[in-house]
Structure formats: structure tokens, C-alpha cells
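fold the following and give me the result.
(one chain, ligands or ions: 1)
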Amino acid sequence: MAMTRGESGVQPPAGAAGGLVCRGLTKSFPGIRALDGVDVDVPYGSVEVILGENGAGKSTLMKILSGVHGPDSGSMTLDGQEYRPATPKAAIAAGVAMIHQEMNLVPGMSVAENIFLGRQPRRRGGVDYREMTRAATDIVRRVGLRVDVTRPVGSLSVAAQQQVEIAKALSLEARILILDEPTAALGAEESERLFEIVDELRADGVGFAYITHRLREVERVGDRVVVMRDGRRVASWDRADVDVDTLVEAMVDRTVDQVYPEPRAPESGELLRVEGLGRAGAFSGVSFTLHRGEVLGIAGLVGAGRTELARALFGAEPADRGRIVAGDRELEIASPIDAIEAGIVLVPEDRKASGLVLGMPVQDNVALPSLRDLTDGGVVRRSRVRDMARNLAQRFDIRGRPGQAAGTLSGGNHRRIARRPGWSSGCRCRTTSHCPRCVISPTGAWCGGRECATWPGTSPSGSTSVAGPARRPARSPAVISRRRSSPSGFRSGRAW
Ligand SMILES: Nc1ncnc2c1ncn2[C@@H]1O[C@H](COP(=O)(O)OP(=O)(O)OP(=O)(O)O)[C@@H](O)[C@H]1O
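Have a look, this model is predicted:
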């Protein structure tokens, strides 16, 4: 049976020579030049880390290498031969495979069936399950995975699923592996296991193109690092020749005096108090206080209940015990609508599946939580949707056109859209009740370039008045009194 190359797996050409060489790659989408003359090399037996801010062009580059897109111009060679895959299948046939952030596995099928999808071993006109199980077990062991390969792949952890993907690519004789933010959904231990797999495969001669936002991974796994910005390759170094500050400066194109902000004492002004929150079978006894301007980290092992807590605060799976208090008001959060009304929004971990409608334009995605305020007589007012989308795009630096399908934006832009606030909760303009131009800042709301509301406990200059009286806008006391008893800080989108 010619399924794999046998237990030794990948057999790149002898020596370190060869691999992928790309020169002058360009790629444009309507209204944007995603790649502008990019050079990149992925030799065998090494790890080329590709760094860059959101929208820098990293995924577009990787999609070209793996046959998803064709370049507009530029050249690619693999082992000195012209390489121009028309499809991912053609790329895999040439030995180049991409492991996507979102796994390409069929959850209901077994590990073995996923690995041999479309190329199952046959015997007497049917699938040879015994041989498939044996071969799949050998393959997953190659990446250190010890699971029953007859289990549905959806029952495995994300880390194990990723190992199945890598094993599958190796069984397809991939010699160049492209990893797109492979640790994004992994915990520390799982990430370390992945690094060990990368180490082992690199020693075996596999070449890696490794996209990440995590700078410490450059040091842990990288041999070289390439920094991209605005579709261009702006710098590259051998790993030993560069430090974190230099990398950050190359990514953002300015001097960075401080990579992490100074830790600071919580500001006055309690926004949210959670007391003894729990949901049967998910989590229990969670209490914390969140202050204005504060970022509260919630840590825990996989299965500890972090996601469940976030979903309970957002009303997606409401808590069944405990209290959520904002100011002097106890919140009843039984659904996401209640949470959005209270100014609480959730950016889900799986933003593509749960946070966005990928086929829908950016502006409609942004408008979804606020439809009630954008509707007159049952009809959505497109001009309000457009105004609001324009305003939020500026505020959150969403790059792309309002009419562009959300699914075609970069991963960072997905995050920005998914954290759109409930608009009705944010607008405090005193000229109209549904002003789509009202911009919410940490200190208040601005409309037409002037401040139209100030949040209690802050001063218009942006500094927090620790014990000062709440400022009210001249003509909307009712709105602000509602505001005083609600967790306004969440509306700025800063808490999550
Ligand atoms: N299919 C597409 N249609 C239209 N524009 C696209 C498409 N794919 C990418 N783009 C645009 O190309 C630019 C580069 O996107 P890309 O996904 O390559 O960036 P990235 O560096 O991978 O970002 P991130 O780290 O946020 O994923 C972005 O402005 C994005 O909106």
C-alpha cells in the first residue's frame, strides 16, 4: 500500500540545500496591496519566523506559498525548480503544506479517517480499516501523540488536533510546513510540546515557515526572523542577532521605549463586582471586582472554566448562582441582549464561528448588536449603518472597506470587529437620541469634535478625578443618571 513513506516519514533531499525560495511576490485585492515585492526563503531543516502587525500580509504570503492564492507577480522555486501551485492540493503534492489556525479536520470522523481522507487503504473493494488504523497509529506517534486513532477527532483537545494535522501533512510527505499562529489556542505546556515537535522535525530536515505574534517564540523556535509591515518585508535577522525591542520597533516602525506598560494601581471607580458566581457543572464561587480602566486577567488550565465564566458574564450561558453588580444595581444577565444593554461585550475565542458572520459585509457585522437603534419602523436605516461603521472603523483602526466580506479581512481585523460595542449603550449625544457619530472615549463621549458627555469619576482632560463629583452634561441628566448605575467602562471596549 503506497500511503506513506513508512515510519521514517519525511525524507528531504540530502544536506540542508534546497527548499523554498521566493522573490518579489506581489498580491493585490480590490482596494489594497496586500504584498509588495516580498522575498522569503524557507530552507530545509530550519524555522523561518514571519512576524508582523495585523494586516502586514503574513497570511497572504503563506496562502501564496501553500497554493491558496496565486501571486500577481514574482517567482517561487522549490529545490531550484519553478514552483507555482494552482491549488493547496498541488502544493501538498510538491511537498508544501499549511497548518491553519482553524483546523481543517472533520470533527465527527475518526483520527485515522481524517488522516487518510480521500486516500483510504483499500482491500477487496472496501476500506481496509485494520491497515488504516495501524498506519494512522504509526503516523500520529511520529509527532508524539498517543491516542486511539479510532476516536472522533472532535473529541481531542485543540493541541492534539493540531498534532493530527501535522501528522497528516507529514504522511502526505510534506517537506515544508507552514504554521499559522500555531500556539494561538494552546496553553503553555501544549505550546512547549509543539516546540519540541518542531525541534524534532527540523532535525529531520523539515523546513518551517512559522507565523506568530508572540515574540518569545522567535527565540524558542526560530532560526531566522523576517519582519513584515504594510505588505513589505522590512527587516530580517538570524535569531541570535536581534532582541525583542528591535523586533517590535521594526514591526511598528517607531521607537518603543517600553514594550509593556508600567503596572499601575487600580483607579478609583468600581465598574463591576462579581460575587460567588457559578453555573452547575461549569464553574463556581467566582468573585472579583473590576475597576475603571483596569484589565483583569483570568487564568486557568484548559477546562478550568475561564470560557464558561466569560460566557456567563455575557449571558450566553447564564450563571445560576451568585450576583453581578454594577454600581448600586444588581444586573440580571439572562441573555446576550441583557449583557449588551448593560455595556458588557464578549470577544469570543473562536471569533470566526461565534463572533462574526463571515460572508456578511464588515459594516453589517458591526451593526448587528445595535439593530434596534438603527431601525425605524422596522426598516434598517442604511445611512445610519454606514455612519456607524465608518466611525467604529476609525476608532478601532479596522482596515478594509465597509462593503468587504468580513471573512476576507485579516485575523487582527476580525478581533477588532468582534469587539464592537453595543451602540445603543454607547451613544450619549445630546442632540439626537440615535447619533451614529458619537464617539465614546474613556472619559466621555464626543460628537462633532466636542465633548457631549463625561463619565462620572473622570475629568474631560482624560485624567481621573479620584474623589471628585460626577460631571453631567448640561442637557442630559437622565441619561447620565442611568449611566451612573451601569458599568460604563465596558462600553469603551477596554475591559475585554
Ligand atoms: N481575500 C481577500 N480579499 C480582500 N482583502 C484581503 C483578502 N485577504 C487579505 N486581504 C487584505 O490584505 C491585507 C493583509 O492581510 P493578511 O491576512 O495577509 O494580514 P496578516 O499579516 O496575516 O494579518 P493578521 O495577523 O491580522 O492575520 C489586509 O488588509 C486584508 O484585509
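
what's around the residue nearest to Val47 when sequence neighbours are not counted, how many residues?
Taking C-beta to C-beta, 6 or more residues apart in numbering as the measure, Val47 lies nearest to Phe208, with 4.3 Å between them; neighbours along the chain are not counted. (C-beta placed from N, C-alpha, C; glycine too.) Applying other C-beta atoms under 10 Å, we find 23 residues neighbouring Phe208.

helices or strands up against the host helix or strand of Phe208?
Element membership of Phe208, judged by DSSP states H and E, is strand 207-211. Strand 207-211 is packed against strand 19-29, strand 32-43, strand 47-52, helix 58-65, strand 176-180, helix 188-203, helix 215-221, with contacts defined by 3 or more C-beta pairs under 8 Å, 6 or more residues apart in numbering; DSSP states H and E.

which one of those lies nearest to Phe314?
Using C-beta to C-beta as the criterion, the shortest distance between Phe314 and those is 25.7 Å, found for helix 188-203.

near the ligand, which residues of this structure are found?
By C-beta under 6 Å from any ligand atom, the part of the chain that sits against the ligand consists of 29, 32, 34, 52, 54-60, 399-400, 408-413.

what about the residue nearest to Val47, distance to Ser284?
Phe208 is 42 Å from Ser284, where distance means C-beta to C-beta, to the nearest Å.

returning to that earlier point: kindly export the strand holding Phe208 (C-alpha atoms) in PDB.
Once non-C-alpha atoms are left out, strand 207-211 reads as follows in PDB (Å, rounded to 0.1, in the frame of the first residue of the first chain):
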ATOM      1  CA  GLY A 207      11.600  23.400   6.800                       C
ATOM      2  CA  PHE A 208       9.100  25.600   8.600                       C
ATOM      3  CA  ALA A 209       7.600  29.000   7.900                       C
ATOM      4  CA  TYR A 210       6.200  30.000  11.200                       C
ATOM      5  CA  ILE A 211       3.800  32.900  11.700                       C
END
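
next, format the helices and strands packed on strand 207-211 as TSV and append distance to Gly80 and mean pLDDT.
Converted to TSV, the helices and strands packed on strand 207-211 look like this (distance: least, C-beta to C-beta, whole Å; pLDDT from 0 to 100):
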stretch	distance to Gly80	mean pLDDT
strand 19-29	8	95
strand 32-43	12	94
strand 47-52	18	94
helix 58-65	16	94
strand 176-180	14	93
helix 188-203	21	87
helix 215-221	27	89
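
need these in CSV with mean neighbour count and distance to Leu170, can you?
Putting the helices and strands packed on strand 207-211 into CSV (neighbours: other C-beta atoms under 10 Å; distance: least, C-beta to C-beta, whole Å) gives the following:
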stretch, mean neighbour count, distance to Leu170
strand 19-29, 19, 16
strand 32-43, 19, 16
strand 47-52, 26, 16
helix 58-65, 25, 17
strand 176-180, 26, 8
helix 188-203, 16, 8
helix 215-221, 18, 17
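
with distance to Met251 as extra columns, can I get the ones you listed in JSON lines?
Supplementary listing: these in JSON lines, determined by distance: least, C-beta to C-beta, whole Å:
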{"stretch": "strand 19-29", "distance to Met251": "19"}
{"stretch": "strand 32-43", "distance to Met251": "15"}
{"stretch": "strand 47-52", "distance to Met251": "6"}
{"stretch": "helix 58-65", "distance to Met251": "11"}
{"stretch": "strand 176-180", "distance to Met251": "17"}
{"stretch": "helix 188-203", "distance to Met251": "21"}
{"stretch": "helix 215-221", "distance to Met251": "9"}
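
out of the ones you listed, nearest to Ser75?
Ser75 sits nearest to strand 19-29 of all those, at 5.1 Å, using C-beta to C-beta.

run through the neighbouring helices and strands of the closest one.
Contact partners of strand 19-29 among helices and strands, from 3+ C-beta pairs under 8 Å, 6+ apart: strand 32-43, helix 58-65, strand 73-78, strand 207-211.

could you redo the last one with a cut-off of 7 Å?
For strand 19-29, the elements it packs on are strand 32-43, helix 58-65, strand 73-78, judged by 3 or more C-beta pairs under 7 Å, 6 or more residues apart in numbering; DSSP states H and E.

so which of the ones you listed comes closest to Ala91?
Smallest distance to Ala91 across the helices and strands packed on strand 19-29 (C-beta to C-beta): 7.3 Å, for helix 58-65.

and the contacts of that closest one?
20, 25, 27, 34-35, 38, 40, 50, 52, 69, 71, 96, 98, 178, 180, 209, 211, 228, 410-411 (C-beta atoms under 7 Å, 6 or more residues apart in numbering).

which residue, other than its chain neighbours, is closest to Thr246?
Nearest-residue entry for Thr246: Trp237, 7.9 Å, with adjacent residues in sequence omitted and distances by C-beta to C-beta, 6+ apart.

now do the phi/psi pair for the one you found.
Trp237 adopts backbone torsions of phi -150, psi 160, taken as degrees, to the nearest 10.

could you tell me how many residues sit around it?
For Trp237, the count of nearby residues is 17 (other C-beta under 10 Å).

distance check, it against the ligand.
Trp237 sits 19 Å away from the ligand, taking C-beta to the nearest ligand atom, to the nearest Å as the criterion.

how about Ser110?
31 Å.

go on, Ser354?
Using C-beta to the nearest ligand atom, one gets 18 Å for the distance from Ser354 to the ligand.

so that residue touches Leu346, yeah?
No. Contact criterion C-beta atoms under 7 Å: Ser354 and Leu346 do not qualify, at 8.7 Å.

between the two, who's got more neighbours?
Neighbours of Ser354 and Leu346, each counted by other C-beta under 10 Å, are more numerous for Leu346; the result is 21 against 13.

what pLDDT does the more buried one get?
Reading off the per-residue confidence, Leu346 sits at a pLDDT of 87.

and the residue of the chain most remote from its centre, its phi and psi?
In the chain, Arg124 marks the outermost C-alpha relative to the chain mean, sitting 46.0 Å out by C-alpha atoms, centre = their mean. In terms of degrees, to the nearest 10, the main-chain angles of Arg124 are phi 50, psi 50.

next, find the distance separating it from Met132.
The separation that Arg124 has from Met132, given C-beta to C-beta, amounts to 14 Å.

now do the contacts for Tyr210.
Contacts here follow C-beta under 7 Å, 6+ apart; on that basis Tyr210 touches Val47, Glu48, Val49, Ile50, Leu179, Val221, Gly222.

quick check: beta-bridge partners of it?
In this structure, Tyr210 has the following beta-bridge partners (DSSP bridges): Val49, Leu179.

quick check: domain ranges of this protein?
19-258, 264-346, 353-420 (the TED database).

pLDDT weak spots in the stretch 351-496 of the chain?
Low-confidence segments of the stretch 351-496 of the chain (pLDDT under 70): 410-411, 414-496.

now swap in the stretch 101-250 of the chain and tell me
For the stretch 101-250 of the chain, residues meeting the criterion pLDDT under 70 lie at 102.
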